[in-house]
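**Q** let me see the structure of the following:
(2 chains)
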Amino acid sequence: MKHSHLILALLAAGLLAGCADLTRSRDLANPKVSAVTLAQQVCSNCHGITGISVSPNFPNLAAQTPEYFAAQLKEFKSHGRQDPAGFEYMWGLSRSFTDEQIAGLAAYYAAQKPESGPARGDAVRAAAGDKIFHEGLPDKNVPACMVCHGDKGQGNQAFPRIAGQHSDYVVKQLLVFQRTDERPEGAIMKTVAHELTANDISNVAEYVQSLRTP
Amino acid sequence: MMNAASDQTAGFGKFRWALSIAIGLFATLMCAPSFALPLFARQTGQNCVACHAGGQFPELTPYGRLFKLTGYTIGERTIPLSAMGLISSSKVANTSKSDDPGSDFQKNGQPIFATGSVFLGGKVTDNIGAFAQVTFDPYATQSPDGRFHGHSNADNIDLRYADRFINANRDLIVGLSLNNNPSVSDPWNTAAAWMQYVPVPSPTSSRFIDGSAPYPGYAAGGNIAGLSAYAFWNRTVYAELGAYGSSRGALSFMHAGLAPGDLAKLKGLNPYWRLAWNHEWGPHSLMVGTSGMSAKIYDDPTDTSDSATIHHTRDIGLDAQYQYLLDPHSVTAQVAYMHSRHRYPDFLAGQGAAFVDALGNGLPDTNAQDTTNTFRAKLTYVYQAKYGGSVGFFNLTGSTNTANQSSGYSPDTLTITSDGSVQAPSQRVGGNLTGNPATRGFTLEAFWTPIQYVRIGAQYTGYSRYNGASENYDGFGRNARDNNSLFLYVWAAY
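**A** Take a look at the predicted model:
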């Protein structure tokens, strides 16, 4: 009897204490929770505390352009972006975010340092991907990636940073662009990626992942 | 006893009422478009695969573990209710070696509504969340006319308080869990409370399916009450320390619906501990851990007046889990081992055995203590969170004790017989002739998850050893392989 009362009292105390601190909240529907808190308490679970994710299932977000980042969150929230990775994980998480929270998250990740460790991946594939990245495939009308994404893959406003991105994520997204209409905001990529073979996609993804751009 | 009985009836009535509402709600929701989700999915808005590896329940992904350890508080408050149901059919390889196949293998080969559960839980505050399961068993009891009667009772309950201190330099999750089953608070699927993932129907045709095969577990059992404190540091080291006692007073809801004779009654507070090392790299994650519990359990849960009737148990476990999760592949490898020591109260130790040997000579007195070792390994693959299969192996070994014998030569007739009029009747099918608990076998499973709330599966469990022997384990010629069982199921949650 005594023990159970003590436990309930402790829980009640916890309940009261729990109402207090918004700086450690995981509430996705409270507009008062700051973007930094959301990034730390929720987004970090998959994308890492500094926007560098451990699992290639989840894209790196460090140093992402704020324009692209905010546009994606809005696309998730409005269900405009419909690729599996988007709706399985992101639709729900973003459903109640305010514009201010989205802008705050964009700024948080834009300010993070991108991956700086040794380049990962298959060097032979990366070399072939290097050529596509810088020169495109003129005979197939595939433009060079660097034209929009920057000469070092650093991104440019609405064109995302792709330097250091997980190759597995890049491959999957290129296939989404090429084979589906699940990312209407990236419709331009459907034309760009149209003629890429599976091999080209793997090569360019491998190169992009190996890029170490400050 | 009158009071206890009427308490039970009242508790049962309450759960029936809750169940009726839940079933009504379930039926209503089934008509809604398919974007509505079970409670945690509604809370985060995510698909089941975000938290459950390859969509298999209850195995968690690295993110699912963090969701649990942060107290089920990620997301927004929503309708805190989900329901789960299981339709299944079990078929035992050989039902001929039995006096009464209708009773030994109830509903053999017949499809049944096996169990249903209602879950209540989710985010309560920014720091508090809950997971509480009430399970309904339509075959809980059988009256003399052969009719089955259903019953609901408290299943796993885990109420949490959690906080997380995280910045670029450190990540510390701390929390408290108030729960009714040691290790139910654990986020890895090799924990004793979680490795067994399909509910086990109670008709006796299901007595040999995988869910009834040996699993590493704590002798103190479930439906007790414990408070544990835990910490997960930098997603690398997990430590948990808890104390369990009988669930009583304000914590009686932890065993709601269970008859007084089915409870575990513990003396005082009994320690539970868990330590695990976790590492995640790329799509891989690995956990290696250990856990244990020491418990003082009354022999008769309805009589806790005499401390001389206490059993002392000590369980020490080792477990490891590896996951490879990269869409569309999910691979999980699990191993769990438990070493258990069970010391009997004096009045049960050193007692003469009921049976004799074939010549009428006495058998050794019963042991003062026993040890058992339970090993379990499982390898699972799921493709696209839809098509999956697993291979499992289990092996229980332990000391021989004449107290374990439920079959043997009766002293008056020097025969092995199930005739109830002899001095020591033996038990068919479930009997144990050797006094040794050794049971070994494998399970093969294939399943299909057409939509994320439904899983259809076929499981085959085979035995090379049962109750201490490969052949004639019950004294009536029944062999371990006669128990091989095919289990088909349709599982749904909403």
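**Q** gap between B:Pro216 and B:Tyr460?
**A** The span separating B:Pro216 from B:Tyr460 equals 22 Å under the rule C-beta to C-beta, to the nearest Å. Quick note: C-beta positions are derived from backbone N, CA and C, even for glycine.
**Q** list the buried ones in stretch B:317-325?
**A** Of the residues in stretch B:317-325, those with enough neighbours to count as buried (16 or more other C-beta atoms under 10 Å in any protein chain shown) are B:Gly317, B:Leu318, B:Asp319, B:Ala320, B:Gln321, B:Gln323, B:Tyr324, B:Leu325.
**Q** tell me if that stretch is near chain A.
**A** Yes: applying C-beta under 8 Å from any C-beta of the partner chain, one finds that stretch B:317-325 is in contact with chain A at B:Leu325.
**Q** distance between that stretch and the chain's centre?
**A** Mean C-alpha position of stretch B:317-325 versus that of the full chain (C-alpha atoms, centre = their mean, to the nearest Å) differs by 18 Å.
**Q** so for chain A, the centremost residue is which one?
**A** Computing the C-alpha centroid of chain A and ranking residues by C-alpha atoms, centre = their mean puts A:Pro59 first, at 4.1 Å.
**Q** against chain B, how distant is that one?
**A** When C-beta to the nearest C-beta, to the nearest Å is applied, the distance between A:Pro59 and chain B equals 13 Å.
**Q** circling back: wait, which of the buried residues of stretch B:317-325 is closest to chain A?
**A** The shortest approach to chain A among these belongs to B:Leu325, at 6.7 Å (C-beta to the nearest C-beta).
**Q** in chain A, where is pLDDT below threshold?
**A** Per-residue confidence of chain A (counting by pLDDT under 70) places the weak regions at A:1-20.
**Q** relative to chain B, which residue of it is the closest?
**A** A:Gly92 (1.4 Å).
**Q** which residues does the helix or strand in which that residue is found contact?
**A** Secondary-structure element containing A:Gly92, defined by DSSP states H and E: helix A:91-94. Taking C-beta atoms under 8 Å, 6 or more residues apart in numbering or on different chains as the criterion, the residues outside helix A:91-94 that touch it are A:Leu28, A:Val42, A:Leu73, A:Phe76, A:Lys77, A:His79, A:Ile102, B:Ala41, B:Thr44, B:Gly45, B:Gln46, B:Gly75.
**Q** show me these that map onto helices.
**A** The helices in this structure, assigned by DSSP state H, contain A:Leu73, A:Phe76, A:Lys77, A:Ile102, B:Ala41, B:Thr44 from these.
**Q** need the contact list for the residue nearest to the centre of chain A.
**A** With contact set as C-beta under 8 Å, 6+ apart, A:Pro59 has these partners: A:His47, A:Ser53, A:Gln165, A:His166, A:Tyr169.
**Q** now stretch A:145-164: buried residues?
**A** Per 16+ other C-beta under 10 Å, stretch A:145-164 contains these buried residues: A:145-146, A:148-150, A:153-155, A:159-164.
**Q** check these and tell me the two furthest apart.
**A** Looking at these by C-beta to C-beta, the two members farthest from one another are A:Cys148 and A:Gly164, with 17.1 Å of separation.
**Q** would CSV of the contacts of A:Pro59 with neighbour count be doable?
**A** Rendered in CSV, the data for the contacts of A:Pro59 read as follows (neighbours: other C-beta atoms under 10 Å in any protein chain shown):
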residue, neighbour count
A:His47, 21
A:Ser53, 23
A:Gln165, 24
A:His166, 26
A:Tyr169, 22
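**Q** hmm, B:Asn401 is touching B:Gln369, no?
**A** No: in terms of C-beta atoms under 8 Å, B:Asn401 does not count as a neighbour of B:Gln369; the distance is 9.0 Å.
**Q** still on that earlier bit, does the residue nearest to the centre of chain A sit in a helix, a strand or a coil?
**A** Using DSSP: H, G, I helix; E, B strand; the rest coil, the structure places A:Pro59 in coil.
**Q** which residues does B:Ile112 form beta bridges with?
**A** B:Ser88 (DSSP bridges).
**Q** quick one: contacts for it?
**A** In this structure, B:Ile112 makes contact with B:Ile87, B:Ser88, B:Ser89, B:Pro138, B:Tyr139, B:Pro201, B:Pro203, judged by C-beta under 8 Å, 6+ apart.
**Q** what's the local residue count around B:Asn234?
**A** Applying other C-beta atoms under 10 Å in any protein chain shown, we find 12 other residues in the vicinity of B:Asn234.
**Q** return the residues in contact with it.
**A** With contact set as C-beta under 8 Å, 6+ apart, B:Asn234 has these partners: B:Arg170, B:Asp171, B:Leu172.
**Q** now do B:Glu76
**A** Counted by C-beta under 8 Å, 6+ apart, B:Glu76 has contacts A:Asp27, A:Leu28, A:Ala29, A:Ser96, B:Gln43, B:Lys123.
**Q** and chain A, what are its domains?
**A** Following automatic domain parsing, chain A resolves into domains at A:18-110, A:123-210.
**Q** how long is the shortest one end to end?
**A** Across its full length, domain A:123-210 reaches 9 Å end to end, with C-alpha to C-alpha, to the nearest Å as the criterion.
**Q** out of the contacts of helix A:91-94, which are buried?
**A** When burial is judged by neighbour count using 16+ other C-beta under 10 Å, the buried members of the contacts of helix A:91-94 are A:Leu28, A:Val42, A:Leu73, A:Phe76, A:Lys77, A:Ile102, B:Ala41, B:Thr44, B:Gly45, B:Gln46, B:Gly75.
**Q** closest to A:Asn199 out of the residues you listed?
**A** Within the buried ones among the contacts of helix A:91-94, proximity to A:Asn199 (C-beta to C-beta) peaks at A:Phe76, which comes in at 30.7 Å.
**Q** low pLDDT regions in chain B?
**A** Using pLDDT under 70, the flagged stretches of chain B are B:1-37, B:197-198.
**Q** give me the phi and psi for the residue of it found nearest chain A.
**A** When scored by C-beta to the nearest C-beta, chain B has B:Gly45 as its residue closest to chain A, at 1.4 Å. Dihedral angles phi and psi of B:Gly45 (degrees, to the nearest 10) take the values phi 80, psi 10.
**Q** the closest residue to it other than its chain neighbours: neighbour count?
**A** Here the nearest residue to B:Gly45 in space, its sequence neighbours aside, is A:Gly92; by C-beta to C-beta, 6 or more residues apart in numbering or on different chains that works out to 1.4 Å. By other C-beta under 10 Å, the residues close to A:Gly92 number 23.
**Q** now the helices for the stretch 51-200 of chain B?
**A** B:62-69, B:101-104 (DSSP state H, counting those that start in this stretch).
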